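Participant: Just a sequence and a predicted model for now, questions to come.
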Amino acid sequence: MMTDRAKPRRMRPTKAPAVPAQRSRGWLTVDEFCGELMISRDTFYDWRKKGRAPKCAKLPNGSLRIRRSEFEKFMTTAEDNA
């Protein structure tokens, strides 16, 4: 007789990381932008206040989105200034 402990465990399938819908359409959320650069949201909003952040679109609910192309332009400028 086989007990529960003796039964081989079934491996759970690992989930692939979900790609947010905004990224596939060329948009980043503030969290995605901060995650890519490994910065805090406070740093992003500080840059935004100082005019150093990339251009953002404001949605009707108040949240911000950054075009992937603006992100790339932002990174190119950062490389040029380094």
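Facilitator: All right, it came through fine. Residues are numbered from 1 along each chain as shown.
Participant: Checking L28 next. Helix, strand or coil?
Facilitator: strand (DSSP: H, G, I helix; E, B strand; the rest coil).
Participant: The nearest residue to it once chain neighbours are set aside: how many residues sit nearby?
Facilitator: Spatially, and ignoring its direct neighbours in sequence, L28 is nearest to I66 (4.6 Å; CB to CB, 6 or more residues apart in numbering). C-beta: built from backbone N, CA, C; applies to glycine. I66 has 23 neighbouring residues, counting by other CB atoms under 10 Å.
Participant: Surely I66 is within a helix?
Facilitator: No: counting by three-state DSSP, I66 is located in no helix; its state is strand.
Participant: correct me, but it touches C34?
Facilitator: No: in this structure, I66 is not within contact of C34 by CB atoms under 8 Å, at 10.2 Å.
Participant: Tell me the confidence at the residue nearest to L28?
Facilitator: On pLDDT, I66 comes in at 97.
Participant: Now E79: which helix or strand?
Facilitator: Element membership of E79, judged by DSSP states H and E, is helix 68-81.
Participant: What residues of that helix count as buried?
Facilitator: R68, E70, F71, F74 (16 or more other CB atoms under 10 Å).
Participant: wait, the first one sits on T29?
Facilitator: No: R68 is not in contact with T29 according to CB under 8 Å; the separation is 11.6 Å.
Participant: any idea of the pLDDT on R52?
Facilitator: 95.
Participant: Surely it forms part of a helix?
Facilitator: No: secondary structure of R52 (three-state DSSP): coil, not part of a helix.
Participant: what residues are up against it?
Facilitator: Contact partners of R52, counting by CB atoms under 8 Å, 6 or more residues apart in numbering, are absent.
Participant: Quick check: it vs N61, distance?
Facilitator: 25 Å (CB to CB, to the nearest Å).
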